[in-house]
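Student: Sharing a sequence plus its predicted fold:
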Amino acid sequence: MDVPDERYAGSLVSKLHSFIPEKDETELVKDALKHPIGTPRLSQMARGKRNIVILASDHTRPVPSKIIAPLLLQEIRSQNPDARITFLIASGCHRRMTREELCDKFGEEIVRRENIVIHDSRNDAEMVWIARLPSGGDLLINRHAAEADLLIAEGFIEPHFFAGFSGGRKSVLPGAASYKTVLYNHNAFFIDHPNARTGILEGNPIHQDMLFAARAAKLAFICNVVIRPDRKVVCAVAGDAELAHAEGRKFLNTYCKVDKKCADIVIAANGGYPLDQNIYQAVKGMTAAEAVVKKDGVIIMLAESIDGHGGEGFYETFKQEKDLKRMVQGFLATPPEKTIADQWQSQIFARVLMHSTVIYLSNAPDQMVRDLHMIPAHTLKEAIRLADGILLRQGRTNGTILTIPDGVSVIIQ
């Protein structure tokens with residue numbers, strides 16, 4: 001796009017975009033497994049264990065499992081060739097993965113040869129109560145995870161818009177937890193907490209529950225990576241679920257933190273596939289724009305949204321309720337145990353919408369976009385023209401324009 005110099009406020013981009021590691025992806029993961037943080041090598045930990053479970057992310061996360069999974073299997077079987085190993089897809093409350101998606105994630109050979117179980121958070125018969133969370137909710141997790149002799153997790157670490165960071169403990173909660181547990185953890189009071197924000201763990205009540213859950217489930221070993229926007233691994237950590245994750249966060253903080261700049265118009269995206277598949281996921285990138293757009297300014301969000309809204313409850317909430325303040329008041333009046341599906345995403349999205357107007361550039365149906373309280377656009381030129389019109393009605397001319405190409409990869413400070 002072309003923006004006049006006097007209007008261009010800059011671009012907020014993670015330094016990971018240009019980071020080039022000294023080793024290739026496979027070597028980085030191998031090196032992490034050879035030098036775990038805070039634990040013995042996984043091969044030693046696997047000795048004598050009969051039932052080993054590996055928590056793996058689902059299709060909504062670009063974790064390079066084709067690299068990580070074979071190396072985990074090799075490490076385990078080097079000292080325990082007869083171990084019964086199960087990959088438990090820690091899908092949280094997401095839909096089931098298809099076989100095609102599993103093959104895309106792991107490769108055909110692993111899908112054909114290994115035991116893979118897909119977590120279904122709504123199947124109460126598969127859940128086991130193991131503890132009560134610090135927040136008071138029941139911690140119920142998948143029985144495969146609860147009954148494991150050795151529980152391991154693969155994953156990746158990135159900024160997260162209310163848990164602070166992804167990875168580590170999130171493989172258990174929400175990954176392998178009951179729907180009821182996830183709803184309790186994602187309650188309105190926690191989502192509204194000022195520390196439930198991107199890059200914040202200290203005093204974050206959502207993180208505190210998640211960390212407790214990982215400890216209670218005896219998550220013994222993780223292998224997490226940091227990836228560039230082009231999905232290439234640039235850092236890998238392995239070992240203790242807390243210590244290794246902390247080392248990964250340290251690396252991420254070095255490269256993902258950007259200095260805050262404010263603008264009248266912020267053009268943002270989610271960094272492309274897979275997080276541009278629907279409007280629900282696009283809210284993540286909007287929160288980065290929310291942090292820098294001026295009050296009553298305009299966010300132009302770019303997300304292809306080939307899957308439409310991405311959450312029926314999320315969509316219906318906004319379609320049926322036009323008063324955002326009344327919507328949020330309703331959320332805050334809802335006890336944790338009464339939290340409904342997608343309430344957290346709706347609450348965050350409503351917060352964004354009350355701060356600024358959102359113009360949505362996508363392939364989603366225009367009416368769907370309008371039902372979600374946004375203005376549809378089909379070209380960037382059209383979106384900027386619409387944004388300028390909104391600002392002009394407020395008496396603001398030549399509004400400054402800031403861009404955030406990958407809103408889920410930056411921590412704004």
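Tutor: Great, that's in hand.
Student: Okay, helices next: where are they in the stretch 201-350 of the chain?
Tutor: 205-216, 243-256, 279-290, 312-320, 324-332, 343-355 (DSSP state H, counting those that start in this stretch).
Student: Next, the buried residues of the fifth one.
Tutor: This points to helix 324-332. Within helix 324-332, the residues that qualify as buried are 324, 327-328, 330-331, counting by 16 or more other CB atoms under 10 Å. To be clear about C-beta, it is placed using only N, CA and C from the backbone, and glycine gets the same treatment.
Student: contacts for it?
Tutor: 188-189, 191-192, 317-318, 321, 343, 346-347, 350-351, 353-354, 373 (CB atoms under 8 Å, 6 or more residues apart in numbering).
Student: ok, Ala303 - contacts?
Tutor: Ala303 makes contact with 269-270, 275-279, 281-282, 285, 360-362, according to CB under 8 Å, 6+ apart.
Student: Lys257 - how many residues pack around it?
Tutor: 15 (other CB atoms under 10 Å).
Student: Quick one, grab the pLDDT at it.
Tutor: The model reports Lys257 with a pLDDT of 92.
Student: State the distance from it to His17.
Tutor: Distance of Lys257 to His17, computed by CB to CB, to the nearest Å: 14 Å.
Student: Kindly report the same for Val358.
Tutor: For Val358 relative to His17 (CB to CB), the value is 25 Å.
Student: Counting neighbours, go ahead and name the busier of these two.
Tutor: Val358 (24 against 14).
Student: what helix or strand does that one sit in?
Tutor: Using DSSP states H and E, Val358 maps to strand 357-361.
Student: List the contacts of that strand.
Tutor: By CB under 8 Å, 6+ apart, the residues outside strand 357-361 that reach it are 279, 282, 286, 296-303, 305, 352, 369, 372-380, 383, 386-387, 390.
Student: likewise stretch 10-18?
Tutor: 226-229, 234, 254-256, 258, 261, 288, 292, 402-406, 409-410, 412.
Student: Which stretches in the stretch 101-250 of the chain count as strands?
Tutor: Ranges of strands within the stretch 101-250 of the chain are 115-118, 127-132, 138-142, 150-156, 159-160, 164-165, 219-227, 233-239, based on DSSP state E, counting those that start in this stretch.
Student: Let me see the contact set for the residue nearest to Arg84 when sequence neighbours are not counted.
Tutor: Of all residues not flanking Arg84 in the chain, Asn51 sits nearest, at 5.4 Å (CB to CB, 6 or more residues apart in numbering). Applying CB under 8 Å, 6+ apart, one finds that Asn51 lies in contact with 83-84, 86, 147-150.
Student: Report the buried members of the residues you listed.
Tutor: For the contacts of Asn51, buried by 16+ other CB under 10 Å: 83, 86, 148, 150.
Student: pLDDT-wise, what's the bottom of those residues?
Tutor: For the buried ones among the contacts of Asn51, the pLDDT minimum is Ala83, 95.
Student: how far away is that residue from Arg47?
Tutor: 9 Å.
Student: ok, back up a step: any quick PyMOL command for the buried ones out of the contacts of stretch 10-18?
Tutor: To isolate the buried members of those in PyMOL, using 16+ other CB under 10 Å:
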select buried, resi 226+227+228+229+234+255+256+258+288+292+402+403+404+405+406+409+410+412
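Student: Which is the succeeding secondary structure element to the strand holding Val358?
Tutor: helix 366-371.
Student: Work out the gap between the helix or strand following that next one and the centre of the chain.
Tutor: Counting by DSSP H and E, the element after helix 366-371 in chain order, helix or strand, is strand 375-377. In this view, strand 375-377 has its centroid 25 Å away from the chain centroid, taken as CA atoms, centre = their mean, to the nearest Å.
Student: Show me what strand 375-377 pairs with in its sheet, parallel or antiparallel.
Tutor: strand 357-361 (parallel) (DSSP bridges).
Student: Just the C-alphas of the strand it pairs with, formatted as PDB.
Tutor: Extracted in PDB, the C-alpha atoms of strand 357-361 (Å, rounded to 0.1, in the frame of the first residue of the first chain):
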ATOM      1  CA  THR A 357     -14.100   1.100  15.100                       C
ATOM      2  CA  VAL A 358     -13.100  -2.100  13.300                       C
ATOM      3  CA  ILE A 359     -13.000  -2.400   9.500                       C
ATOM      4  CA  TYR A 360     -12.700  -6.000   8.500                       C
ATOM      5  CA  LEU A 361     -11.000  -6.900   5.200                       C
END
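Student: now the angle between helix 279-290 and it, please.
Tutor: 130 degrees (axes from the mean of the first three to the mean of the last three CA atoms, to 10 degrees).
Student: Val13 versus Val410, what's the distance?
Tutor: On the measure of CB to CB, Val410 and Val13 end up 7 Å apart.
Student: hey, what's in contact with both of the two?
Tutor: Going by CB under 8 Å, 6+ apart, residues that sit against Val410 and also against Val13 are 258, 404.
Student: overlap in contacts of Ala83 and Arg47?
Tutor: By CB under 8 Å, 6+ apart, no residue touches both Ala83 and Arg47.
Student: Show me this protein divided up by domain.
Tutor: 16-256, 259-412 (automatic domain parsing).
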